[in-house]
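Q: Quick check, what structure comes out for this input:
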Amino acid sequence: MEYHKPVLYDEVIENLITDENGVYLDCTLGGAGHTIGILENTGEKATVIAIDQDEDAIRFAKIKLENYQNRIKIFKDNFKNLDTVLYLAGYDKIDGILMDIGVSSKQLDNPERGFSYKYDAKLDMRMNKNDKLSAYEVVNDFTEKEISDILYKYGEEPRGRKIAKRIVEKRQEKKIETTLELADLVIKVIGKSMKKHPAKRTFQAIRMYVNRELEVLEEALDKAVEHLNDKGRLVVITFHSLEDRIVKNKFKDFEKPCACPPDIPICVCGKKSLGKVLTKKPIIANELELSDNFRAHSAKLRVFERRT
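A: Numbering: from 1, shown residues only. A predicted model of the protein is given here:
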């Protein structure tokens, strides 16, 4: 199965590459679409470092990257550890960092991975198959309140309490083992009148909790900005409001020179601006891409430039 062209491909290349012989980090290798784009649009002296925690994604990407072996370094890791990856690759400051947040199309389209409510598979949702916690444990072992809190925090699901209550009732009869079992349960609670699939928020919330996606993003952003050269850029693509809000607020904080309360006349915090936000509003897909790639509808791209 082939990966689709990555979202906002042209916009990523345009905003990320500032030095054709620079060093760039792709924090989310996935199908290698953006990685190949960076390699094709930089010189022979440029290096790209890529991270992914999914063994299947790395195996697939290595085949596509065979012609670039002397310019690409791939690491199996979570991108929250990008500082360690850069150290192992032999770099401290680099020229650009890309984060394409969310589940890849290949993961979603693979029934065996248990991410999707469209296929019948064992509940899983782990991006790293070596992690101990999966969706199965969340659904079958967590308390009603814990599940309700997860659905509210990570999925902004207004009927989270009712769904959590029904999950606990159902699993007393029989363990909830598959994606379709969970999806059908949610449909019975919410109904089928919604434009989007009724289980979309529930699946999103559990997936994000299992993989600690929001926490990982915050940690990675803080590290990334410290590892950019002067005029180096941090480019982040998000796919829903929770992630975009984190990126927007982090970028504002990076740009702001002082964190003192407004009633203090003189700065005492010593904080300095780390650079400039280049996207006051997020970049979104154009009409052509929207007609060609459904996932692009929710994609937002933000850019921060380091200034030292």
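Q: The residue sitting nearest the centre point of the chain and V247, how far apart?
A: The structure's the chain has its C-alpha centroid closest to I101; by CA atoms, centre = their mean the separation is 1.9 Å. Distance, I101 to V247, using CB to CB, to the nearest Å: 8 Å. Where C-beta positions appear, they are placed from N, C-alpha and C, glycine not excepted.
Q: anything in contact with each of those two?
A: Residues touching both I101 and V247 (CB atoms under 8 Å, 6 or more residues apart in numbering): 217, 236, 238.
Q: Could you count how many residues lie near L8?
A: Residues lying near L8 (other CB atoms under 10 Å) number 23.
Q: Please apply the same query to the one 4 residues further on.
A: If you count neighbours by other CB under 10 Å, V12 ends up with 25.
Q: which element is it on?
A: Using DSSP states H and E, V12 falls within helix 9-16.
Q: The longest strand seen in the chain vs helix 9-16, what angle?
A: When the chain is parsed with DSSP state E, its longest strand is strand 228-238. Strand 228-238 and helix 9-16 are oriented at 160 degrees to each other (axes from the mean of the first three to the mean of the last three CA atoms, to 10 degrees).
Q: for strand 228-238, packing partners?
A: In terms of contacts (3 or more CB pairs under 8 Å, 6 or more residues apart in numbering; DSSP states H and E), strand 228-238 is packed against helix 9-16, strand 94-100, helix 213-226, helix 241-255, strand 300-306.
Q: got the buried residues for the helix holding V12?
A: By neighbour count on 16 or more other CB atoms under 10 Å, the buried set for helix 9-16 is 9, 11-13, 15-16.
Q: could you say what helices and strands it packs with?
A: Other elements packing on helix 9-16 under the criterion 3+ CB pairs under 8 Å, 6+ apart are helix 33-40, strand 94-100, strand 228-238, strand 300-306.
Q: follow-up on the earlier one: could I get the helices and strands packed on strand 228-238 as TSV with mean pLDDT and distance to T84?
A: Formatted as TSV, those follow (pLDDT from 0 to 100; distance: least, CB to CB, whole Å):
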stretch	mean pLDDT	distance to T84
helix 9-16	97	22
strand 94-100	98	14
helix 213-226	97	9
helix 241-255	97	20
strand 300-306	98	20
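Q: right, so of these, which gets closest to L86?
A: When the helices and strands packed on strand 228-238 are compared by CB to CB, strand 94-100 sits nearest L86, at 6.8 Å.
Q: got the angle for that closest one vs helix 9-16?
A: Computed by the same axes, to 10 degrees, the angle separating strand 94-100 from helix 9-16 equals 150 degrees.
Q: so how far is strand 94-100 off the chain centroid?
A: 13 Å (CA atoms, centre = their mean, to the nearest Å).
Q: go on, stretch 166-179?
A: 29 Å.
Q: low-scoring stretches of the stretch 51-200 of the chain, by residue?
A: Low-confidence segments of the stretch 51-200 of the chain (pLDDT under 70): 102, 104-109, 193-194.
Q: which of the helices and strands packed on strand 228-238 is buried the deepest?
A: strand 94-100 (a mean of 25; mean count of other CB atoms under 10 Å).
Q: What strands flank that strand, and is each parallel or antiparallel?
A: strand 23-26 (parallel), strand 228-238 (parallel) (DSSP bridges).
Q: CA atoms only: put it into CSV for me.
A: Presented in CSV, the C-alpha positions along strand 94-100 are these (Å, rounded to 0.1, in the frame of the first residue of the first chain):
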residue,chain,number,x,y,z
ILE,A,94,20.4,22.7,13.1
ASP,A,95,18.6,24.7,10.4
GLY,A,96,15.0,23.4,10.4
ILE,A,97,12.6,21.1,12.3
LEU,A,98,9.4,19.7,11.0
MET,A,99,6.6,18.2,13.0
ASP,A,100,3.6,16.6,11.3
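Q: got a list of contacts for that strand?
A: 6-7, 12, 16-19, 22-28, 30, 34, 38, 49, 79, 82, 86, 217, 220-221, 224, 227-229, 232-237.
Q: Now that we have the buried residues of helix 9-16, can you turn them into JSON lines and tack on distance to K73?
A: JSON lines is the format used below for these (distance: CB to CB, whole Å):
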{"residue": "Y9", "distance to K73": "22"}
{"residue": "E11", "distance to K73": "25"}
{"residue": "V12", "distance to K73": "19"}
{"residue": "I13", "distance to K73": "20"}
{"residue": "N15", "distance to K73": "22"}
{"residue": "L16", "distance to K73": "17"}
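Q: That's all I had, so thanks and see you.
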